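Undergrad: here you go, sequence then predicted model.
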Amino acid sequence: MSLVYRSDMHRMEVGDRHYAFLVPSSIFLELDSDARFVLDALESGPKPVDELAADPAKAEVLRELAHVGAVHRPGPALVPMPAKPANGDALAPPPLSSLVLNVTNSCNLACRYCYEYGDDRLAKAETASVMNEEVARQSVDLLFAQAKKNQRLQLTFFGGETLLNFKVIQPTVAYARKRAAEEGQFIDFSLTTNATLLTPAIVQWLAENNIGVTVSIDGPKEFQDGMRVYKAGMGSYDVVAPRIKELLRVHRGRPIGARVTVTSKTLDLLRTRKHLVDEMGFYEVGFAPVTSSPGRDYSLGEEGFARLLEQFEILSEEYVEGALRNHYSGFANMADQMGEVHQGVTKAYPCGAGVGLLGVAPGGDLGLCHRFAGAGDHDFGHVSSGIDNAKRSEHLKKGHLDNRTDCHTCWARSLCSGGCYHEAQVRYGDRFKPNLHYCDYIRSWTELTLRSYARILEGNPAFLERFDRSRAA
C-alpha cells in the first residue's frame, strides 16, 4: 500500500482564503477546497494514495501538492535545505561578494547600547583604531581575489563613526572602482553614519559617487537624545537634524534610509516612523531590537518584545493599507521580509556573515561580520595574509540550520535560521546557539508578514512586482 505524508508547513486563514507556508522551501500557497481536503486528511497521519485521489480532480491536486513538496512519499521531503554538509564534513566556503570595512572603531558619540563601546562589547578595542589606506586597499584586493564568479560586489564602510575616517574612504572608493573596471565587475558602495560629521562637501561627494547611505538615528528628539549622546552627555538631535535635511535634499540618486535601535525606552514606533519618514523625509526606516545582556535598563525583555510586536502590527496595517493604494509607507522590516517571502528565500544560515560576507577590523583582521571584526577568537585571518578558510568552513558546518537542533520543529526556521550570531554571543556566549529568547516573537512576526503578504496578493498584486525588480537588480 502506497502512503502519502504531509510535509512540514504552517497553515492560516486570511479573510475567507486559506494558505500554507511550506517548510523548508518557503513556498506560500493559496489552498482551494480540494487542496484543503487532502491536507486536512493528512493531519492525523499518512493516508493511502487511493483514499486521497478519490476522483480525477483530487488526483490532480495531489500531484500538484507533491510537485511543490507539500506532500511526499515515505522518506525525506522533496525540497531539502540548501548546502547541507555531507557526512558531517565542513563546507567549502563560497566566493566572497561583500566586505564590511570598519574604517575606525572610534566614535564621537557615546550611545549607551553600542556594541562597540557599551557593556556588551565582545573584546577590548584594537590598538589600531583607524584603518589606514594600505589596509583598505588590501581589503579591496582581497575582495576581488576571492569574488571569482560573483559579478556584483559590495563594499560597505562602517565604524565607530564611519566619517571620522573619510580621508580613507574617498581614495578607497576610487581604487575599488579602478579594480572593478580592470576585472569587468560591478561594485557598489554604502556606508552607515550617525550624521554628526556630514558637511556640505561630504554630502556632495556622497551624491556625486552615488554612495548608499544609512543614518543611525532613534527618532524624535526625546528618543534620540535619551540614548544617542556625546561623551559629555549632550544629546545629538539638534546637531544631526539639519545635516540630515541637507543630505536628503542633495543626495537624490538613491533612497536613503534610517536605522533605529529599539530599546525599552523608545517603543512608540509609529511615532518614530512618522517623524523619520513623513517629517524628515527618509525613504524608509528599519527597526532593530537592541542587542544587550538581560537586565540592562534599556533591554527588551519578554514584555518588551510583546510591545515591539504590537507596534509592528500597527506599522504592518499601515504598510498594507498603503500598498493597496500603491504607496510605500517606509516600514523597511516588512518590506525586507515580504521580499524574502515573495522570492521564496530559504535560509540555511541567518545572514551572509561568513558565507559571502566578512568584516574587516581597522587593523586588517577578518571577522565573521563587522560586529565580530577584531574580536579575537572570531577572527578569520588578515587582509594581508588571506582568509583562514579552514576556520570559515568550520563555521559554515556548525552554523548550518541542520545542526541547530533547537530549530528543527519551528515552522519559521527557513526564514530565521536561528537568528543573529552576535545576539547569541552576547546572550549565551556561543554564536551558534539559536536565539531562543525571542522565538515566539519571530514566529508571530513571520506570521504577521505572511498575512500582510496575502492581503496585498489579493488586493493589489502589482505592488509586489517591486520585489521582482529588486531580485533582478
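TA: Received the coordinates, thanks. Numbers count the residues shown, from 1 in each chain.

Undergrad: hey, let's count contacts and neighbours off CA atoms from now on
TA: Will do.

Undergrad: any weak-confidence spans in the stretch 251-400 of the chain?
TA: 293 (pLDDT under 70).

Undergrad: please, where are all the strands along it?
TA: 257-262, 284-289, 357-360, 365-367, 379-382, 386-387 (DSSP state E, counting those that start in this stretch).

Undergrad: quick one: which of these is nearest Asn194?
TA: Nearest to Asn194 among the strands of the stretch 251-400 of the chain is strand 257-262; the distance by Cα to Cα comes to 9.7 Å.

Undergrad: which residues in the stretch 101-250 of the chain form strands?
TA: Using DSSP E, counting those that start in this stretch, strands in the stretch 101-250 of the chain cover 152-158, 186-193, 212-216.

Undergrad: show me what contacts the nearest residue to Leu42 once chain neighbours are set aside?
TA: If the residues on either side of it in the chain are set aside, Leu42 comes closest to Arg6, at 5.7 Å by Cα to Cα, 6 or more residues apart in numbering. Shown in contact with Arg6 (Cα atoms under 8 Å, 6 or more residues apart in numbering): Leu39, Leu42, Glu43, Gly45, Pro46, Ala70, Val71, His72.

Undergrad: surely Ala207 touches Gly253?
TA: Yes. Counting by Cα atoms under 8 Å, Ala207 does reach Gly253; the two are 6.7 Å apart.

Undergrad: tell me which of the two has more neighbours.
TA: Set Ala207 next to Gly253 and count neighbours by other Cα atoms under 10 Å: Ala207 wins out with 19 against 13.

Undergrad: how close does the nearest residue to that one once chain neighbours are set aside sit to Ile244?
TA: Of all residues not flanking Ala207 in the chain, His251 sits nearest, at 4.5 Å (Cα to Cα, 6+ apart). Noted for His251: a distance of 10 Å to Ile244, by Cα to Cα, to the nearest Å.

Undergrad: closest to Cys114 out of the strands of the stretch 101-250 of the chain?
TA: Shortest distance between Cys114 and the strands of the stretch 101-250 of the chain, using Cα to Cα, is found for strand 212-216: 11.4 Å.

Undergrad: by how many degrees do the closest one and strand 186-193 diverge?
TA: 20 degrees (axes from the mean of the first three to the mean of the last three Cα atoms, to 10 degrees).

Undergrad: which elements pack onto strand 212-216?
TA: strand 186-193, strand 257-262 (3 or more Cα pairs under 8 Å, 6 or more residues apart in numbering; DSSP states H and E).

Undergrad: out of the contacts of Arg6, who's nearest Leu96?
TA: When these are compared for distance to Leu96 (Cα to Cα), Ala70 wins out at 33.8 Å.

Undergrad: how near is the closest one to Leu62?
TA: Relative to Leu62, and taking Cα to Cα, Ala70 is found at 9 Å.

Undergrad: can you pull the contacts of the spatially most central residue of the chain?
TA: Central residue of the chain (Cα atoms, centre = their mean): Cys351, 6.3 Å from the mean position. By Cα under 8 Å, 6+ apart, the contact list for Cys351 reads Cys420.

Undergrad: for Leu276, same thing?
TA: Leu276 makes contacts with Gly219, Pro220, Ala258, Phe282, Glu284, Val285, as judged by Cα under 8 Å, 6+ apart.

Undergrad: that one and Thr266: what is the separation?
TA: 14 Å.
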